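Need coordinates for the below:
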Amino acid sequence: MKLTRKTKLIAAGTVLPVAFGVAVAVAAPPATNFANVPTANTRSQGYAPANALSAGLAEIAVAQGSTKVENPSSPVSYYGYDNDTLNAAGDPIMVASAATANTEAHKTEPDKNTYLVFGRGLKGADPGYDYGDHFLFQGHETGTPGYITRINLDADAAHHVTVLATQDSAGNPIADIDGSTWDPFAQRLLFTTENSNAPTYSATPGYPSQVVDVSGALGRGGYEGIQDDSDGNLWILEDIGGANKPGTTARIPNSFVYRYVPKKKGDLANGKLQVLQVLNAANHPITQASQTPLQSPDQVALHVYGRVFDTKWITIHDTAVDGNTPFSANLAAKAANGTPFKRPENGVFRPDGKFQEFYFDETGDTNATSVENDCCGGWTSVFKLTENNPSSNTGKLRLFYKGDQAHAGFDNVAFMTGNLITFVEDAGDTLHSQRNALDSGFLLDVTKNYADPGTLPVQWLAEGRDASAALDADNAGFGKNEGDNEITGIHVSDGDPSAAGILGAKTPRPFQPSGDERSSGAWRVFWTQQHGDNPTWEVIKP
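Presented below is the predicted three-dimensional model:
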C-alpha cells in the first residue's frame, strides 16, 4: 500500500513492527459518538484506497502478514505467509511480478481475534524473555498446515509474534481455523474450522500450545462463530453455503445455530450438542425442506419485522449416550429438523450481564442477482434470540435488522458499547463489483427499531484495498490467493480471562480517556484486514 501520509503511533510500553495512521486527524468526538463515514470505498481495477474510519479514530497495525515470527519453521516463517513459494534467498515471495513468474507464497489469512491479559505467566519460544501481559490470539484460515499465532503486544520486534502450534497433541497437522474464543471455565482457547470434516479444537495459551480435538463432544461442522455464556454453555454458528435454488443465485439455507451444554462448566469431553429449532405460526418446525421452494412462506415470514417465533433447543448428540467419536453436526441437525439459515456466521450476547439476548447475523447470498435478497435474507439479516436465561430450553426469535445492497454480507460482530453492536461485511468480490463498493463496518443500536425506514446503521469503517489485494483481484489471485480485502476479527474486549470477562458480562468502554489504554482492564478494539497484506489493526483514539 502506498501511503501519502505516514504517522508513527507508538503506545507506551509497546514496540510495534508496523505502526501507521490511516484515519483522519481531527478533534475526537465523545467516546460513544461514532461519526458516520459518508460512503464506502469504490472498487476499480488497480485501485488501492486507504481505510477510512469515524472522525477521531485511527488504527495501528499490531502485526501484518510480512511480520517475521520469533520461531520460524519449515512451513511457517511469517505471520501471514506459508513457505510454499520461496525466492533464491529462501524468503516467501510476497509480491507477485514478472520476475517471480507471477507467482507468490500462499497468504494464510489470520482470522478472528481473541484478546487476553494474563499477567506475566505466559512463555514463548525464548524461555528467558519476559513477554509481558497483553496477548492477541488468532487461527489462520487458509494454507497448509493450519496454525495458531499469538501476537505478544508488549514484546519487542524479535519476540512480537509466536507460532503456538502447527500440530495437535496427536501429531496431526492442524486444520485451517476460522473462529476463536476463550473458555474461562476450561481455561482453554477454542478454535473452529468452518469445515464440516475438520476438528473443533481446544488449545492452551502458552508455548508450545497443547491443541486437542474436542469434536467428539462439540461435533464437526462448518463452524465459525463460537461464544461462551455465564452457565458455561458454548454457542456455535455455522457457515456452510447451500446449493443454489434451481435457475437462481439464491441459496438453500444450510447452516445452523448450535449450543453445547457441558456436563459441568469447562467440560469439553462430556456434554450435549443442541440445535436451534424455530417454529412457524402453525407450530411446525421451519426446516431446510420447508425453505427449499423459492421464496417459501417460512423463509418470507422469518424476514418480516414484527413477527415473533417460538424456539426450542433439540439435542442432537449426547456423549453419555452416543460416545465421543467425532460426528457431523450438520447432518445431525438436519435429521432432527433444526432450522437452517443463510450462513449464520457469528453471534454475541448483549453486554448487560444477563445473557438473555443473543444477536446473530445471517450473511446471505452475497449476490445482487439473488431473487431472495429483499424477501428472504439474501442481502443479510440480524436476528435477536431472547431466552429467560442462557440455559433455557425455549425462547423467542425475531428479525432485528434486514439488510439491503449497501448493508450486505454481515459476518463478524462485537458490541462496541452497551447498546451499540457492530457488524462488519464480507460481501465478496462478486457483490463488490455489482454494487461498486468494498466492505464496511456498521453500528446498530439495539434500542432502536430498524423497521422504521428512517433508522439507518452508522458506518464507522470503510475498508480500502491494499496493493497486494488489488493485484490478486486483478489477476484472479494468481491461481492461489483471494482477491479484495475482507473485514474480519472485529473484537472488543478488556482481556479479562476470568468468568467475569466473558463477552456479554460487562459493558464495553473502548476509547475512554483512562491514561494508558493498554493497561490491564482497559478495553481495546481489534480487527483484521484479511487477504492481501493481512494486517491486524488496533483501533485507537490518537
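
ok, and the closest non-adjacent residue to residue 188?
Closest residue to residue 188 apart from its sequence neighbours, by C-beta to C-beta, 6 or more residues apart in numbering: residue 202 at 4.1 Å. C-beta: built from backbone N, CA, C; applies to glycine.

Work out for me the element that neighbour sits within.
Secondary structure from DSSP states H and E places residue 202 in strand 201-203.

so after that strand, what's the next helix or strand?
Next element after strand 201-203 (DSSP H and E): strand 211-213.

Quick one: mean pLDDT over that following strand.
Strand 211-213 shows a mean pLDDT of 98.

Please name every helix or strand in contact with it.
For strand 211-213, the packing partners by 3 or more C-beta pairs under 8 Å, 6 or more residues apart in numbering; DSSP states H and E come out as strand 201-203.

what's the least confident helix or strand in the chain by mean pLDDT in contact with?
Least confident helix or strand of the chain, by mean pLDDT, DSSP states H and E, is helix 467-474 with a mean of 94. Residues outside helix 467-474 that contact it (C-beta atoms under 8 Å, 6 or more residues apart in numbering): 1-2, 45-48, 94-96, 107, 429, 465, 478, 481-485, 531-533.

Beyond that helix, next helix or strand please.
Following helix 467-474 in sequence, per DSSP H and E, is strand 486-493.

which residues are in contact with that following strand?
110-116, 138, 411-416, 422, 424-426, 428, 439-441, 461, 463, 501, 503, 508, 510, 523-531, 536.

redo that, cut-off 6 Å
Strand 486-493 has contacts (C-beta atoms under 6 Å, 6 or more residues apart in numbering) with 111-113, 115, 412, 414, 416, 424, 426, 439, 441, 463, 508, 510, 525-528, 530-531.

Helix or strand next in line after it, which one?
For strand 486-493, the succeeding helix or strand toward the C-terminus, using DSSP H and E, is strand 524-530.

who does that next one touch, helix- and strand-wise?
Packing contacts for strand 524-530, counted by 3 or more C-beta pairs under 6 Å, 6 or more residues apart in numbering; DSSP states H and E, involve strand 486-493, strand 536-540.

what sits up against the shortest one?
With contact meaning C-beta under 6 Å, 6+ apart, strand 536-540 is reached by 57, 58, 59, 60, 61, 62, 63, 525, 526, 527, 528.

Can you give the strand pairings for it, parallel or anti for each?
Sheet pairing for strand 536-540, assigned by DSSP bridges, gives strand 58-63 (antiparallel), strand 524-530 (antiparallel).

what ranges do the helices span in this structure?
For the chain, the helices defined by DSSP state H occupy 215-218, 288-291, 297-302, 319-322, 329-335, 428-435, 467-474.

The ones you listed into TSV, with extra columns for mean neighbour count and distance to residue 376?
Shown next, in TSV, are the helices of the chain (neighbours: other C-beta atoms under 10 Å; distance: least, C-beta to C-beta, whole Å):
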stretch	mean neighbour count	distance to residue 376
helix 215-218	25	30
helix 288-291	19	8
helix 297-302	20	4
helix 319-322	13	34
helix 329-335	21	19
helix 428-435	19	16
helix 467-474	22	29
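
Mind naming the longest strand for this structure?
Across the chain, the longest stretch assigned as strand under DSSP state E is strand 308-318.

For that strand, the averaged confidence score.
Here the average pLDDT along strand 308-318 is 98.

what lines up beside it in the sheet?
The pairing partners recorded for strand 308-318 under DSSP bridges are strand 271-278 (antiparallel), strand 394-402 (antiparallel).

Reformat these as CSV; add distance to residue 308, mean pLDDT and mean neighbour count.
As requested, these are exported to CSV (distance: least, C-beta to C-beta, whole Å; pLDDT from 0 to 100; neighbours: other C-beta atoms under 10 Å):
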stretch, distance to residue 308, mean pLDDT, mean neighbour count
strand 271-278, 11, 98, 24
strand 394-402, 5, 98, 19
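
Just put those in a markdown table and tack on distance to residue 122.
Shown next, in a markdown table, are these (distance: least, C-beta to C-beta, whole Å):
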| stretch | distance to residue 122 |
| --- | --- |
| strand 271-278 | 28 |
| strand 394-402 | 38 |
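
List the contacts of residue 52.
37, 462.

Show the contacting residues for residue 103.
If you count contacts by C-beta under 6 Å, 6+ apart, residue 103 has them with residue 85.

So it versus residue 67, what's the distance?
Per C-beta to C-beta, to the nearest Å, residue 103 is found 22 Å from residue 67.

For the nearest residue to residue 216 once chain neighbours are set aside, grab the count of nearby residues.
Nearest residue to residue 216, sequence neighbours excluded (C-beta to C-beta, 6+ apart): residue 324, at 3.4 Å. Residues lying near residue 324 (other C-beta atoms under 10 Å) number 13.

Check residue 466 too.
Other residues lying near residue 466 total 25 when counted by other C-beta under 10 Å.

where does it land on pLDDT?
Predicted confidence (pLDDT) for residue 466: 97.

Quick check: it vs residue 290, distance?
Distance from residue 466 to residue 290, by C-beta to C-beta: 43 Å.

Also residue 406?
30 Å.

check contacts around the closest residue in space to residue 318 that isn't next to it in sequence.
If the residues on either side of it in the chain are set aside, residue 318 comes closest to residue 272, at 4.8 Å by C-beta to C-beta, 6+ apart. Neighbour list for residue 272: 261, 315, 318 [criterion: C-beta under 6 Å, 6+ apart].

Just put these in TSV and tack on distance to residue 207 and neighbour count.
Rendered in TSV, the data for these read as follows (distance: C-beta to C-beta, whole Å; neighbours: other C-beta atoms under 10 Å):
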residue	distance to residue 207	neighbour count
261	32	18
315	37	16
318	35	16
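
tell me which of the residues you listed is nearest to residue 345?
Nearest to residue 345 among those: residue 261, at 21.8 Å, using C-beta to C-beta.

Could you find the closest non-adjacent residue to that closest one?
By the measure of C-beta to C-beta, 6+ apart, the closest residue to residue 261 outside its immediate chain neighbours is residue 272, 4.7 Å from it.

Repeat that for residue 220.
In space, residue 220 is closest to residue 326, 5.5 Å off (C-beta to C-beta, 6+ apart).

where's the one you found relative to residue 215, distance?
For residue 326, the distance to residue 215 - C-beta to C-beta - is 4 Å.
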